[in-house]
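Q: Any chance you can model this:
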Amino acid sequence: MICAAEPPVVRADDVDQLVVGVGLLGSGGGGDAAAFGRVLRNRLGDGELSLHAPGDLPGAVVVPSGIVGATSVFTEKLPGGHEFVGACAAVARWTGREPTAVIGLEAGGINGITALVAALDLALPFVDADLMGRALPRLDQLTWAARGLAVTPCALCEPNGQIVLIADADPAALERTARSFLPVAGGWAAIALPPTDVGPGTREAVTGSAARALALGRAHATLPSTPPPDLVEDVLGARVLATGRVLEVARHGGNGGFGRGSVTVVDGEAGTVVRLETENEFLLAIADGVPVAACPDLLCLLDRRTAAPLGVDRLRTGDEVLVVVLPGPSWWRHPDVLPRVAPEAFGLCCPPVLFGDA
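A: From the prediction side, this is the model:
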């Protein structure tokens, strides 16, 4: 008799490694998960949270949950514990469907951890599926949106307890409405999307992201100080584009409230000049004028000494870094959804360059 494998679990001792993993899936964005990692560690205590596959919970009704808003504010104004509960209760009342499990909104950065905390706050199981598979900046870049699934009714619960429910909006309108609410809501809010049967809800989602983040974090923990590039490639399943110093960090305003910019790194040995175009995340890498990697793959800058992933907003001229690319979620490689997250979706006139193709 073949026994089904037990789902992987997250315990308090795993949180540091999970934080590194979601940082890699953040591709320079999604916010610094370290502060919220402490929240997860406290919520777990001596217990554990299973990372269920969708098939583990047939008949479940899943609710996607996470946060939207300014992650820099979020790390200073941590949740009080009612935000995820309030948002999920609001969509449950509106739809008449009580969720029985939680899935993630986004797999990278802070939101790689928020859904785990939401599951603990709601005392519900966590299904290891999410609607991005990495960090992305906009709600119209959810997998459900890309496949034409409804993203409303949707509820936003801000830290002071105010709840806004958006009954009917397309993904672009939801993005605009949520962004207009956030400045008067203290900068961020918990969000819950419509409760949905686990089958259709996870069929158009990225599965296994939390398990991948945990595996990446555990692998990363085996790296020595100042690891050689070939070891980083082997351990993380990555490709190193350059090893050198940040020569320039340029930041300027962009469309839709997201800052735009570029980072220039000069390889210390080959002299290759790598420029990375950025928004909230690293979007495109150009080496000596040739595009070599792009979203939806995971472009990351790692601290040269510790190999810790560095956020776009924390880079400074003179930083010693490794420029690496990891494979992005395979879900986004389908030709009908790739344009949603390719460089041109961010106003960069460049076709996607996918891992293994360059």
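
Q: how about the helices of the stretch 1-150 of the chain, start to end?
A: Here the stretch 1-150 of the chain has its helices, by DSSP state H, counting those that start in this stretch, at 15-25, 34-44, 71-74, 83-95, 111-122, 143-146.

Q: The stretch 151-300 of the chain too?
A: Counting by DSSP H, counting those that start in this stretch, the helices of the stretch 151-300 of the chain are 171-181, 198-203, 209-220, 229-236.

Q: among those helices, which is nearest Gly37?
A: helix 209-220 (10.6 Å; C-beta to C-beta). The C-beta positions use only the backbone N, C-alpha and C, and glycine is treated the same way.

Q: List the buried residues of that closest one.
A: 209-217, 219-220 (16 or more other C-beta atoms under 10 Å).

Q: Kindly report the same for stretch 69-76.
A: Within stretch 69-76, the residues that count as buried by 16+ other C-beta under 10 Å are 69-71, 74-75.

Q: and the least confident of those?
A: In this model, the minimum pLDDT among the buried residues of stretch 69-76 belongs to Thr75 (69).

Q: Surely Ala189 and Leu156 touch.
A: Yes: here Ala189 reaches Leu156: they are 4.2 Å apart, a contact under C-beta atoms under 8 Å.

Q: residues shared between the contacts of the two?
A: Listed as contacting both Ala189 and Leu156 by C-beta atoms under 8 Å, 6 or more residues apart in numbering are 68, 87, 164, 178, 181.

Q: Check the burial of the residue nearest to the fourth one when sequence neighbours are not counted by counting its neighbours.
A: Spelled out, that is Ala178. Of all residues not flanking Ala178 in the chain, Val68 sits nearest, at 5.5 Å (C-beta to C-beta, 6 or more residues apart in numbering). Under the neighbour criterion other C-beta atoms under 10 Å, Val68 is assigned a count of 24.

Q: farthest pair in the buried residues of stretch 69-76?
A: Applying C-beta to C-beta across these, the maximum distance is between Gly69 and Thr75, 11.4 Å.

Q: returning to what we had before: where among the helices of the stretch 1-150 of the chain is the average confidence lowest?
A: Minimum mean pLDDT among those: helix 71-74, a mean of 76.

Q: contact partners of that helix?
A: Contacts for helix 71-74 (C-beta under 8 Å, 6+ apart): 30-32, 36, 67, 109-110, 186-188, 313.

Q: Convert the C-alpha atoms of that helix to PDB, please.
A: Provided in PDB are the C-alpha atoms of helix 71-74 (Å, rounded to 0.1, in the frame of the first residue of the first chain):
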ATOM      1  CA  THR A  71       5.400  47.800   2.000                       C
ATOM      2  CA  SER A  72       7.700  50.400   3.600                       C
ATOM      3  CA  VAL A  73       4.800  51.700   5.700                       C
ATOM      4  CA  PHE A  74       3.800  48.100   6.500                       C
END
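
Q: give me every residue that touches the closest residue in space to Val102 that isn't next to it in sequence.
A: Leaving aside its chain neighbours, Val102 sits nearest to Ala119 (4.2 Å; criterion: C-beta to C-beta, 6+ apart). Contacts for Ala119 were tallied using C-beta under 8 Å, 6+ apart; they are 49, 101-102, 125-126.
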